[in-house]
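>>> heads up, no residue letters with this:
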């Protein structure tokens, strides 16, 4: 019976975080549109930050509870999920998506580099405060690179929101961030309890289970963006969320409270995810399009991660 209660708490917590993050994303996009930012850059820098709120909140709440595996597992799992599974869904909504080599190449390179840093940092079974600071600084540097190195394009029209004005919208975003944090904390505690009761390593539960749940905002936002004719926003969000997961999301937790991680699983997950992301980026750059030919490859890389991680468990 207690297992059922924990599952309900996990679902409720994730749902609360997802619903709140959706509201934050809408207002983030509205602010970005008012500022006249290019759609892909909006996706990478702002929309991705909004849809990644569950992972970021999960990172902080996990480390406050000394559960480093939950943070690293969820963050790396989300990085892989968004670059493979979520991006693989795109051709099911829009048959063909044009790919800019410069855009995909830059974000892919930055994400692979961040995962390399993570593999190095977790190899000793500990994620410390200094390592977290390095990853957060890497995120800030990556955002600067994206805004400075990518060419400008036409901004999208602002979405309809009930609250207008820059300062009121910032208030809405901050309020929904607080709700996301509450939901993520409930979900993390339930996940840890489930891991203990079912005898499943927390890292694997976070990598495969929580990452799908915390990636739900990306799926919802990206599908909506594709259906509304905004593929640049969707692509930027999918790639940008992975970049944020590999830097800010992993790093912010240990800054608050350093914690131990399962070194073997964390290193294997980081290296496999880096290899899979490099393969996806190379495939899209060579073909300069994403369609129903490339989509199965992305799904295959996602499914292969199950085999790899379970084999090393």
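Good, I have the coordinates. This is a predicted model, so every value here is computed, not measured.
>>> Where does the prediction get shaky in the stretch 1-150 of the chain?
In the predicted model of the stretch 1-150 of the chain, residues 1, 21, 28, 32 satisfy pLDDT under 70.
>>> For it, just list every one of the strands.
97-98, 126-127 (DSSP state E, counting those that start in this stretch).
>>> which of those strands sits most buried?
Counting by mean count of other Cβ atoms under 10 Å, strand 126-127 has the highest mean neighbour count of those, with a mean of 21. (C-beta placed from N, C-alpha, C; glycine too.)
>>> if you go through the stretch 201-313 of the chain in chain order, where are the helices?
Assigned by DSSP state H, counting those that start in this stretch, the helices in the stretch 201-313 of the chain fall at 202-204, 211-214, 216-227, 231-244, 250-256, 263-287, 295-311.
>>> just the stretch 51-200 of the chain next, same as before
With DSSP H, counting those that start in this stretch as the criterion, the stretch 51-200 of the chain has helices spanning 53-64, 68-81, 87-93, 101-122, 129-149, 166-198.
>>> Can you add mean neighbour count and distance to residue 281 and give those helices back as TSV?
Listed next are those as TSV, based on neighbours: other Cβ atoms under 10 Å; distance: least, Cβ to Cβ, whole Å:
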stretch	mean neighbour count	distance to residue 281
helix 53-64	27	21
helix 68-81	31	13
helix 87-93	20	10
helix 101-122	21	3
helix 129-149	17	14
helix 166-198	18	29
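>>> which one of these lies closest to residue 289?
Distance to residue 289, taken as Cβ to Cβ, is lowest for helix 87-93 among the helices of the stretch 51-200 of the chain, at 9.5 Å.
>>> I'd like to know which elements the closest one is packed against.
Counting contacts by 3 or more Cβ pairs under 8 Å, 6 or more residues apart in numbering; DSSP states H and E, helix 87-93 packs against helix 216-227, helix 231-244, strand 289-290, helix 295-311.
>>> Pick the most buried one from those.
Buried most deeply of these, by mean count of other Cβ under 10 Å, is helix 231-244, with a mean of 29.
>>> how much space is there between the closest residue to residue 252 other than its chain neighbours and residue 311?
Nearest non-adjacent residue to residue 252, counting by Cβ to Cβ, 6 or more residues apart in numbering: residue 59, 5.2 Å away. Relative to residue 311, residue 59 is positioned 27 Å away (Cβ to Cβ, to the nearest Å).
>>> Hmm, residue 58 is touching residue 187, no?
Yes - using Cβ atoms under 8 Å, residue 58 makes contact with residue 187 at a distance of 7.1 Å.
>>> Return the member of the helices and strands packed on helix 87-93 having the minimum mean pLDDT.
The weakest mean pLDDT among the helices and strands packed on helix 87-93 belongs to helix 216-227, with a mean of 77.
>>> helices and strands around it, which ones?
helix 2-35, helix 48-51, helix 87-93, helix 231-244.
>>> hmm, who's touching it?
For helix 216-227, contacts defined as Cβ atoms under 8 Å, 6 or more residues apart in numbering pick out 14, 18, 21-22, 25, 43, 47-48, 50-54, 82, 86, 89-90, 93-94, 231, 233-234, 237-238, 241.
>>> can we see that at 7 Å?
For helix 216-227, the surrounding residues in contact (Cβ atoms under 7 Å, 6 or more residues apart in numbering) are 18, 21-22, 25, 47, 51, 54, 82, 86, 89-90, 93-94, 233-234, 237-238, 241.
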